[in-house]
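Enquirer: A structural model of the following input is requested.
(2 chains)
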2 protein chains.
Amino acid sequence: VSWLETELREQPAALARFLETQGGRARELGALFRRDDVKYLLIASRGSSSNAARYAQYLLGRANRAPVAFATPSLYTIYEQPPRLEGALVIGISQSGGSPDVRAVIEEAARQGRPTLALTNDPSSPLAQASEFVLPLEAGEEKAVAATKTYLNSVAAVALLFAAATQDASAMVELGEMPELVAEQLKRSFHDARALDAYVGANGGTVVARGVNYGTAFEIALKIRELSGLVMEAYSAADLLHGPIAAIGEGWPVVVVAPTGPPRAGLDETIDALRERGARLIVVADDDRFLRRADTPLKLVRPIPEWLSPLTAVIPGQVAAMRLAELRGADLDNPHGLSKVTLTR
Amino acid sequence: VSWLETELREQPAALARFLETQGGRARELGALFRRDDVKYLLIASRGSSSNAARYAQYLLGRANRAPVAFATPSLYTIYEQPPRLEGALVIGISQSGGSPDVRAVIEEAARQGRPTLALTNDPSSPLAQASEFVLPLEAGEEKAVAATKTYLNSVAAVALLFAAATQDASAMVELGEMPELVAEQLKRSFHDARALDAYVGANGGTVVARGVNYGTAFEIALKIRELSGLVMEAYSAADLLHGPIAAIGEGWPVVVVAPTGPPRAGLDETIDALRERGARLIVVADDDRFLRRADTPLKLVRPIPEWLSPLTAVIPGQVAAMRLAELRGADLDNPHGLSKVTLTR
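Expert: Sure, this is the predicted structure:
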């Protein structure tokens, strides 16, 4: 068995460990988000951590109604003209904690006296050392190049910070139920995985979502892309209609991520537009009526609170990525010449 | 002759008209960026306007060292939980001024008493009416579905606001020279266009840049995609290395946008990594030594100040998009079932 599959299956345990060990710490960190001098959040990240950041943009934006901006690391490194960060709470997300560009943003924020918080799986990493506060991801060592359990725990860290920032006890309870739901989802998704075999000859595909699952769409695309080498891309359903849909034609696979929640009505119209173009539709959803619109339905185990749906909705995508990569004969643990830690300035 | 080609060739005139008529107005608007209560900028946009917004993220970020955030319209519309915008100057960019989601962000900002500015080609549009301040793009009517002159003038509007915000007289002079340079570039790029014929059988491609031309990469990808229907995508050179490069293999076309400037050294390494994977390299650059690394060099007419390079660097991409679409028999003015004005919530 590959490290990838082992780690993928380990996710419920890694998630439970994170929630058990870091709940108290997150409660303390929640106060950071309520500080009067925090007007917005600035997040620095790369790779799958950027997909957790996309989740944060929706969730933490709704939590304290604080806008979330993404840092442009090259302003801090290549151009050496870092922005003034007055009003910002600055968060670095990096599973390895190693990338110099993410660290450069945190270091500049510290220099400017702003509060800094690192979400990282390595609490002794350079990123953690540069940050005033650290929330360890507690995923355990991840050996496969493609992130699975560290991604899930990054998303969980954002969810935990949301519950802590809003001091919402029922949110905390809902989050506590997720390890069991993730375990159920894994079982279901492994059961459904053969449905993907029909797509092994595809050249690529598109993943679409909106709102809190915007980041899920990017993570599913990245996972399939890294592991199978297919040209996968992700779009918000709204952005797709402003031009990029032009490249979607007969037979092109499109994954629509649509758990029950406010964005689903709009995604119904997206499906109409995609059908008209002859796209093959893979739908990730809990609602059976909605799933009937798919060529390939990928069922989510039950309706869960929408804000937590990214924790289960990514699972069918991870399993699909593994399945497609296996069918295509890729090395699951060392795909396509990638390395585990990528250092960019 | 198509409207697309007519409008593409009209760009130097449209740009000159914008600079002549709006220079004074922009000087007044510059003060907005220097207000004490403006800690960061928030931009709402869709489609090619989002690529002008990506330019703004680098340029306006460097101007007043103010971070630039992109709005998440669904928080304002679908979720009805708009963020608190204290500290923000809120900018809407929309060529038509018609999209309800962009307007929703501006309306909420006005409700919260924040300063709002619209960059739009239609000063009587709903977006313009909802905004406290308006900078008209003065591109003249655009009939082709794919934006060319309205995109260029959106970029020029950002550049003009940069010069006005920083009260930099030499920047204003440099910008004033751009219509002539854009005209030169058009001539050169039409001359070079046949080089693209080698790529007509491609399934898609990737466009890569970093820093101020990050938005240029996205606009070139979008233009080729809209017009030719090829699956084109864009990445920052740093993001590409964190996983997505896995899908780039033997023969895959990659456009590297690399005018002389601080990001170019890093792009040299990107080219090494792409070469190793057997990608076919199309390079947009002014430096002859650097162009020699390309399979297909697309020459930029002369080194210009880096901050203005997005105004010429996009031209080879626009011309390539037109050429590829012609070769593939697409309707240049009404490509692939797209419509000129897309209304999304």
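Enquirer: now the strands: where do they sit in the stretch 201-345 of chain A?
Expert: Secondary structure of the stretch 201-345 of chain A (DSSP state E, counting those that start in this stretch): strands at A:204-209, A:231-236, A:253-257, A:280-285, A:296-299.
Enquirer: Please identify which of those is closest to chain B.
Expert: Among these, the nearest to chain B by Cβ to the nearest Cβ is strand A:231-236 (4.7 Å). The way it works is simple: take the backbone N, C-alpha and C, and place the C-beta from them, glycine included.
Enquirer: coming back round to it: tabulate the strands of the stretch 201-345 of chain A (JSON lines), appending mean pLDDT.
Expert: JSON lines is the format used below for these (pLDDT from 0 to 100):
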{"stretch": "strand A:204-209", "mean pLDDT": "97"}
{"stretch": "strand A:231-236", "mean pLDDT": "96"}
{"stretch": "strand A:253-257", "mean pLDDT": "98"}
{"stretch": "strand A:280-285", "mean pLDDT": "97"}
{"stretch": "strand A:296-299", "mean pLDDT": "97"}
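Enquirer: okay if I get these as a markdown table plus mean neighbour count and distance to A:K149?
Expert: Rendered in a markdown table, the data for the strands of the stretch 201-345 of chain A read as follows (neighbours: other Cβ atoms under 10 Å in any protein chain shown; distance: least, Cβ to Cβ, whole Å):
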| stretch | mean neighbour count | distance to A:K149 |
| --- | --- | --- |
| strand A:204-209 | 26 | 21 |
| strand A:231-236 | 25 | 21 |
| strand A:253-257 | 26 | 20 |
| strand A:280-285 | 24 | 20 |
| strand A:296-299 | 20 | 20 |
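Enquirer: now those strands as TSV including distance to B:T312?
Expert: Listed next are these as TSV, based on distance: least, Cβ to Cβ, whole Å:
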stretch	distance to B:T312
strand A:204-209	31
strand A:231-236	27
strand A:253-257	35
strand A:280-285	40
strand A:296-299	45
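Enquirer: contacting residues around A:K340?
Expert: Residues near A:K340 by Cβ atoms under 8 Å, 6 or more residues apart in numbering or on different chains: A:96, A:142-143, A:145.
Enquirer: Could you rerun that using 7 Å?
Expert: A:K340 makes contact with A:V145, according to Cβ atoms under 7 Å, 6 or more residues apart in numbering or on different chains.
Enquirer: Please report how far it lies from chain B.
Expert: Distance, A:K340 to chain B, using Cβ to the nearest Cβ, to the nearest Å: 11 Å.
Enquirer: for that residue, phi and psi?
Expert: Recorded main-chain torsions at A:K340 are phi -60, psi -50, according to degrees, to the nearest 10.
Enquirer: contacting residues around the closest residue to A:D239 other than its chain neighbours?
Expert: Spatially, and ignoring its direct neighbours in sequence, A:D239 is nearest to B:R46 (6.5 Å; Cβ to Cβ, 6 or more residues apart in numbering or on different chains). For B:R46, the residues meeting the contact criterion (Cβ under 7 Å, 6+ apart) are A:238-239, A:242, B:99, B:101-102, B:344.
Enquirer: could you redo the last one with a cut-off of 8 Å?
Expert: B:R46 makes contacts with A:238-239, A:242, B:94, B:99, B:101-102, B:342, B:344, as judged by Cβ under 8 Å, 6+ apart.
Enquirer: Export the strands of the stretch 201-345 of chain A to a markdown table and append columns for distance to chain B.
Expert: As requested, the strands of the stretch 201-345 of chain A are exported to a markdown table (distance: least, Cβ to the nearest Cβ, whole Å):
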| stretch | distance to chain B |
| --- | --- |
| strand A:204-209 | 6 |
| strand A:231-236 | 5 |
| strand A:253-257 | 12 |
| strand A:280-285 | 15 |
| strand A:296-299 | 20 |
